[in-house]
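> 3D, please:
(2 chains)
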Amino acid sequence: MAKILKHREILLVIAIAVLLMAITLRFPGFVAPANLARVYNDTSILIILALGQMAVILTRCIDLSMAANLALCGMVAAMINAAFPGVPIPLVILAVVALGAVLGSINGLLVWKLDIPPIVVTLGTLTIYRGTIFLLSNGAWINAHQMSDAFKALPRAPLAGLPVLSWLSVLAIAAVYLLMTRTPVGRAFFAVGGNPHAAVYTGIDVGRTRFLAYCLSGALAGLSGYLWVSRYAVAYVDIAAGFELDIIAACVIGGISIAGGIGSVPGAVLGSLFLGVIKNALPVVNISPFAQLAISGTVIIIAVAVNARAEKRKGRVILKKAEAV
Amino acid sequence: MAELNLSPRVIPDRLQSRGNRLLKSWESLLLVVAVLIFTINSFASPYFLDPWNLSDATFNFTEKAMIAFAMALVIIAGEIDLSVASIIALSSTVMGLAVSFGFDTPVLVAVGLGTGLVCGMINGLLITGLGLPSIVVTIGTMSLFRGLSFIILGDKAFTGYPASFAYFGQGYVWWVFSFEFVLFAVFAAIYSVVLHKTNFGRAVYAIGNNQTAALFSGVRVGRVKFILFLLTGLMAGIASICLTSRLGSTRPSIALGVELEVVTMVVLGGVSILGGSGTIPGVVLAAFIMGMVTFGFGLLNVPGIVMSIFIGVLLISVIALPILWARARRRAAH
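Have a look, this model is predicted:
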């Protein structure tokens, strides 16, 4: 399995390199280090979200409510800042991360305690969370002039050559990587998705593991909520609408199997970067930004077809034996 | 009784009587809820009990319900199609394109149906031909189909549909019965017969309950699933014709988020999201309930996004309540 996974990540690196080369033919400035850093910075939020989605997908679930969760947490962060500009920013971030985790835990509890299919739960909470933003804000926007300077400055503050936003995503990658590879919970994510029945016999609580995955994705969505709102300096009901699809696309492109149990942190990061490069390159090479949706759709379909082939090769023999009995 | 509840697939040695089963069914519960909502609505607003107002209210659900019939079959067969709203958008865009080339109503209808069929075929081929999971494929085609509308339209809109095209969304067959409502009733009848009275319908249930067993009993699983996705595409095409005709214009963001409402309608109608069970009459009742609730809220000046919260809560609670109910009964039995 390690071989296939490695194969997939190398494949993605090659795909991104080819993409970059093709762009360079039309516009040489794109691969300048400063611009690549800018592209990475622009993709940071997607990377953070994809890490959370990955944990959920690994356990055979899905979280369609991430973008709505992000928007709700972003709105709450902006409202706290607009009403009490004196509250220190780290405290605001802590509050929305906690709020995000709570919203995620609602998904997790419904999946864990009531056994409702994850897709139904998160389709439902998606509309509920979005609607809640409207109830909170009465449909009004919170604009740049209502936010304090410190609130807006943090993500773009330079630190050792990169903005804080980039560093936060690096931190998230490192933390989730350690969680996935060095802790029992991280291994449980893989075990639950790989074979839930076997996971039960090894003493893993499947429902609880899924619950924790949802808490993680919720907390990361909460963090992204603050980052999104402070970066674009505006909060309203529809921010990041439809972004949940980009997050899932990044995971699928990164080789994370929608059937659970297969995936890796580098895969999720590379999948996000692949989408990020496409998004940033379109205007440069004079393709209408309206084409982006169709391109990500096509990439999702190709990626899932490639994933399915990789998985088939692995599972065929065992399945046939089981069917013959 | 307690042992029976432990597993959902245990076969009882004695069947319940027909009347008893009918009385305890999900559909009769829906009927009670529908009557209740109807009564509450007619007390809450003096404008509710007007034949023309009620006729207007049917537009809230007829287009979505037509798709929900086909979606019910897809979900009973254990799959899902999240691309229906995007198929509406693409069909509508292609019809708008045809208008801009000067074609008239018959061609528009053919183009709308054809686009829906082609989209359904693409879904079907990817899912049954390549054996890919339907949820990811249709998330992908959801982006692809709407993305194509965005490429064709950008930030513009198609208008100028011919006057005769307006009949599908605005015409009335007889008195207050609109063309859309009659179409809805006809499709409700057709899908009821297909699902409950034909071999094809039995095959759909068989696939949803146990795909491998269905395959071994001679059901052409791939073919049936392909037809189901084709049907869903076609129904989305028909819904697109009605919606475009009703609005008289096309934007790429048309019917955004409708897939959620269609899935909610199907699940509310008692179709198990895990596949294998559900009925068309249930979906019809769910369509009426959702239509009347949104219409009632509308009369009371509740904003659309608050209604969507209600639909989200409805979706989760209709699945959660039976589970909690069964659990409480099991506890009481012990």
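
> from here on, contacts and neighbour counts on C-alpha atoms
OK.

> A:Leu58 is in contact with A:Gly261, isn't it?
Yes: the criterion here is C-alpha atoms under 8 Å, and A:Leu58 meets it with A:Gly261 at 4.7 Å.

> intersection of neighbour lists for the two?
Both A:Leu58 and A:Gly261 are in contact with A:Phe189, A:Phe190, A:Val192, A:Gly193, A:Gly194, where contact means C-alpha atoms under 8 Å, 6 or more residues apart in numbering or on different chains.

> Flag every buried residue along the helix or strand hosting the fourth one.
Looking back up the chat, that one is A:Gly193. Element membership for A:Gly193, per DSSP states H and E: helix A:184-194. Across helix A:184-194, burial judged by 16 or more other C-alpha atoms under 10 Å in any protein chain shown covers A:Val185, A:Gly186, A:Ala188, A:Phe189, A:Phe190, A:Ala191, A:Val192, A:Gly193, A:Gly194.

> what does stretch B:147-165 give?
So stretch B:147-165, judged by 16+ other C-alpha under 10 Å, has buried residues B:Gly147, B:Leu148, B:Ser149, B:Phe150, B:Ile151, B:Ile152, B:Leu153, B:Gly154, B:Phe158, B:Thr159, B:Tyr161, B:Phe165.

> Going by distance to B:Pro51, which of those wins?
Closest approach to B:Pro51 among the buried residues of stretch B:147-165 (C-alpha to C-alpha): B:Phe165, at 25.1 Å.

> which secondary structure elements does the helix holding A:Gly193 contact?
Secondary-structure packing of helix A:184-194 (3 or more C-alpha pairs under 8 Å, 6 or more residues apart in numbering or on different chains; DSSP states H and E): helix A:33-58, helix A:164-182, helix A:196-201, helix A:206-232.

> Of these, which is nearest chain B?
Checking those against chain B by C-alpha to the nearest C-alpha gives helix A:33-58 as the closest, at 11.8 Å.

> Restricting the selection to alpha carbons, write the next helix or strand along the chain from the closest one to CSV.
Using DSSP H and E, the helix or strand that follows helix A:33-58 towards the C-terminus is helix A:66-83. Only the C-alpha atoms of helix A:66-83 are listed here, as CSV (Å, rounded to 0.1, in the frame of the first residue of the first chain):
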residue,chain,number,x,y,z
MET,A,66,-17.3,22.8,6.3
ALA,A,67,-17.8,25.9,4.1
ALA,A,68,-21.0,26.9,6.0
ASN,A,69,-19.2,26.3,9.3
LEU,A,70,-16.3,28.5,8.0
ALA,A,71,-18.8,31.2,7.1
LEU,A,72,-20.6,31.1,10.4
CYS,A,73,-17.4,31.2,12.4
GLY,A,74,-16.0,34.0,10.2
MET,A,75,-19.2,36.0,10.7
VAL,A,76,-19.0,35.5,14.5
ALA,A,77,-15.3,36.5,14.5
ALA,A,78,-16.2,39.7,12.6
MET,A,79,-19.1,40.5,14.8
ILE,A,80,-17.0,40.1,18.0
ASN,A,81,-14.4,42.4,16.5
ALA,A,82,-16.9,44.9,15.3
ALA,A,83,-18.7,45.1,18.7
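
> Tell me where the model's unsure across chain A.
By pLDDT under 70, the weakly predicted segments of chain A are A:1-6, A:310-325.

> er, the stretch 151-300 of chain B actually
Scanning the stretch 151-300 of chain B for pLDDT under 70 picks out no residues.

> Kindly report the residues of it close to chain A.
Taking C-alpha under 8 Å from any C-alpha of the partner chain as the criterion, the stretch 151-300 of chain B approaches chain A at residues B:Ile151, B:Gly154, B:Leu260, B:Ile273, B:Leu274.

> What's the local residue count around the fourth one?
So the one you mean is B:Ile273. 23 (other C-alpha atoms under 10 Å in any protein chain shown).

> For it, which three-state class applies?
Following DSSP: H, G, I helix; E, B strand; the rest coil, the label given to B:Ile273 is coil.

> who's in contact with residue 123?
Chain wasn't specified; assuming chain A. Applying C-alpha under 8 Å, 6+ apart, one finds that A:Leu123 lies in contact with A:Leu64, A:Ser65, B:Leu260, B:Gly312.

> You answered for a different chain; I wanted chain B.
Taking C-alpha under 8 Å, 6+ apart as the test, what B:Asn123 contacts is B:Val137, B:Thr138, B:Thr141, B:Phe229, B:Leu230.

> Now with 6 Å, please.
If a contact means C-alpha atoms under 6 Å, 6 or more residues apart in numbering or on different chains, then B:Asn123 has no contacts.

> mind checking the SS state of it?
Here B:Asn123 is recorded as helix under three-state DSSP.

> and after whichever strand or helix holds B:Phe297, which helix or strand comes next?
Using DSSP H and E, B:Phe297 sits in helix B:280-299. Using DSSP H and E, the helix or strand that follows helix B:280-299 in sequence is helix B:304-333.

> which helices and strands does that next one pack with?
Counting contacts by 3 or more C-alpha pairs under 6 Å, 6 or more residues apart in numbering or on different chains; DSSP states H and E, helix B:304-333 packs against helix A:118-137.

> in the helix it packs on, what's buried?
Of the residues in helix A:118-137, A:118-134, A:137 count as buried by neighbour count, 16+ other C-alpha under 10 Å.

> Mind checking what secondary structure the residue positioned nearest the centre of chain B has?
In chain B, the C-alpha nearest the mean C-alpha coordinate belongs to B:Ala68, at 1.2 Å (C-alpha atoms, centre = their mean). Judged by three-state DSSP, the three-state class of B:Ala68 is helix.

> Go ahead and confirm it touches B:Val262.
Yes: look at B:Ala68 against B:Val262 with C-alpha atoms under 6 Å: they come within range, at 5.3 Å.

> which ones are touching A:Glu9?
Contacts of A:Glu9 by C-alpha under 6 Å, 6+ apart are A:Gly267.

> Cheers, nothing more for now.
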